[in-house]
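# A predicted structure for the sequence below; I have some questions about it.
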Amino acid sequence: MTASPAPAPAPSPSNRNLSPESLLFFERTWQVYHQIVADDLMEHGALFAALRPRLQAFLEEWGPAPLTMADLACGDLTTLAPLLRELPLAGFTGVDACASVIPLAQARLGGWPVPYRWLEDDLLRWAEGPGERYGLISCLFGLHHLADADKQLFLEVVADRLEPGGLLLIADTFREPGESLDHYRQRYGRRIRDSWTSLGPSFQDHVVAHVSGSDFPAEHDRFAAMAEQAGWQGEWLWRGSHQAEALLVLRRPASPEAPRQQQR
Ligand SMILES: C[S@@+](CC[C@H](N)C(=O)[O-])C[C@H]1O[C@@H](n2cnc3c(N)ncnc32)[C@H](O)[C@@H]1O
C-alpha cells in the first residue's frame with residue numbers, strides 16, 4: 001500500500017474549520033482511511049449495523065413523500081456509498097471542504113440513478129445557509145474537526161436545513177466525560193500504535209500525527225447536552241468499544257398539534 005503525494009492545496013477562505021495540515025492529511029491519504037475502514041479499525045461495521053434498522057423505521061414513518069439527503073464532510077463516500085444505494089432518495093448533496101475528494105466520491109456513485117450534486121464548502125458555512133432543506137442530514141466523522149463553540153453553532157443553525165420530521169445523524173469520535181483533549185489524543189494514539197498494526201508504522205505515525213494536530217472531539221455527554229440546548233432530541237444509537245466512536249441520532253421535537261405531514 002503506498003500513498004501517492006498530491007500537491008499541497010491552497011487554503012480556501014471557505015475552509016474556516018479546516019487547517020491546512022488537516023486538509024493535507026485528507027488530500028494525501030485516502031488510502032490510509034480506506035485501510036482503516038477495510039480493517040474495521042473504527043468499527044464502522046457495527047455502526048452501520050445499528051444505523052440501518054433505525055433508518056428503516058424512519059423511512060416507514062416518512063412515508064411516500066420525496067426524501068432528500070445531504071452528507072456533510074462526505075469525503076470520498078468510503079463508508080456511506082453502499083448505504084446510499086439502499087435508500088429511496090429523491091436527491092443527494094455531498095459537501096466537503098476538500099476539493100480533491102469530490103471526483104473520488106463521484107466515482108463511487110457511478111451509475112446511481114438518484115440526482116446528486118457536490119459542494120466544496122465548510123460544513124458550518126453550509127449549515128448556516130441559506131439553502132434548501134433536507135429530510136436527512138448526516139455528518140460522519142467530520143464534526144470533530146470543529147472547535148466546540150463551532151459545533152454548538154452548527155447544532156443551532158443546521159436545524160434550518162432540516163425538513164420537519166427529518167433526522168440529523170452524527171457519527172463521530174468523542175472524549176470521555178471530564179477527559180482532557182491531551183489525554184484523549186494520547187490514548188487514541190496508543191490504540192493506533194497497539195492495535196492498528198495492519199497500517200504499518202509509517203501510516204500509523206501519519207494517523208497519530210493527524211489525531212494529535214487536527215482532532216478536537218467533544219466530550220460525549222457534553223455533546224448531547226449541547227444538542228439538547230440547541231433544541232434537539234438525541235438518541236445515542238451506538239457506542240463503539242473504545243470509548244471514542246459513537247452515533248447520535250437527532251431530531252426536532254414534534255409539536256403534538258402539528259403532525260409532520262402538516263408541518264412540511
Ligand atoms: C475522516 S473523513 C470522513 C469521510 C466520510 N464522512 C466517512 O465517514 O467516510 C473526514 C472528512 O471531513 C472533511 N472535513 C474536515 N473538516 C471539514 C469542514 N470544516 N467542512 C467540511 N468538510 C470537512 C475532510 O475533508 C474529510 O473528507
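Thanks, I have the structure now. Just so it is clear, the structure is predicted and the values come from calculations on it, not from any experiment.

# scan the chain for its longest helix.
Secondary structure of the chain read by DSSP state H shows that its longest helix is helix 44-62.

# adjacent strands (with direction) for the following helix or strand past it?
Proceeding C-terminally, helix 44-62 gives way to strand 68-72 as the next helix or strand, assigned by DSSP states H and E. Under the criterion DSSP bridges, strand 68-72 sits next to strand 91-96 (parallel), strand 134-140 (parallel) in its sheet.

# which stretches of the stretch 1-150 of the chain aren't confidently modelled?
Screening the stretch 1-150 of the chain residue by residue with the criterion pLDDT under 70, one finds the ranges 1-28.

# which residues in it form helices?
Counting by DSSP state H, counting those that start in this stretch, one finds helices in the stretch 1-150 of the chain at the ranges 20-28, 30-38, 44-62, 81-86, 101-108, 123-128, 148-157.

# which neighbouring elements make contact with the longest one?
For helix 44-62, the packing partners by 3 or more C-beta pairs under 8 Å, 6 or more residues apart in numbering; DSSP states H and E come out as helix 81-86, strand 162-173, strand 233-239, strand 245-251. Using the backbone N, CA and C atoms, a C-beta is placed for each residue, glycine as well.

# mind giving me the packing neighbours of the helix or strand sitting right after the second one along the chain?
Next along the chain after strand 162-173, taking DSSP H and E as the criterion, comes helix 181-195. For helix 181-195, the packing partners by 3+ C-beta pairs under 8 Å, 6+ apart come out as helix 201-214.

# and the average pLDDT for the helix it packs on is what?
In this model, helix 201-214 has a mean pLDDT of 92.

# so is that helix next to the ligand?
No. Using C-beta under 6 Å from any ligand atom as the criterion, no contacts between helix 201-214 and the ligand are found, and the smallest distance is 8.2 Å.

# other residues contacting whichever helix or strand comes after that helix?
Proceeding N to C from helix 201-214, the next assigned helix or strand is helix 220-229, under DSSP H and E. Defining contact as C-beta atoms under 8 Å, 6 or more residues apart in numbering, one finds that helix 220-229 is touched by 148, 151-152, 155, 172, 174-177, 218, 234, 236, 243, 246, 248, 250.

# what residues does the stretch 1-150 of the chain put near the ligand?
Within the stretch 1-150 of the chain, the positions near the ligand by C-beta under 6 Å from any ligand atom are 17-18, 26, 33, 73-75, 78-79, 96-98, 101, 122-123, 140-142, 145.

# so what's the residue nearest to L104 when sequence neighbours are not counted up against?
On the basis of C-beta to C-beta, 6 or more residues apart in numbering, the spatially nearest residue to L104 that is not a chain neighbour turns out to be D76, at 3.6 Å. D76 makes contact with W30, V101, L104, A105, R108 under the criterion C-beta under 8 Å, 6+ apart.
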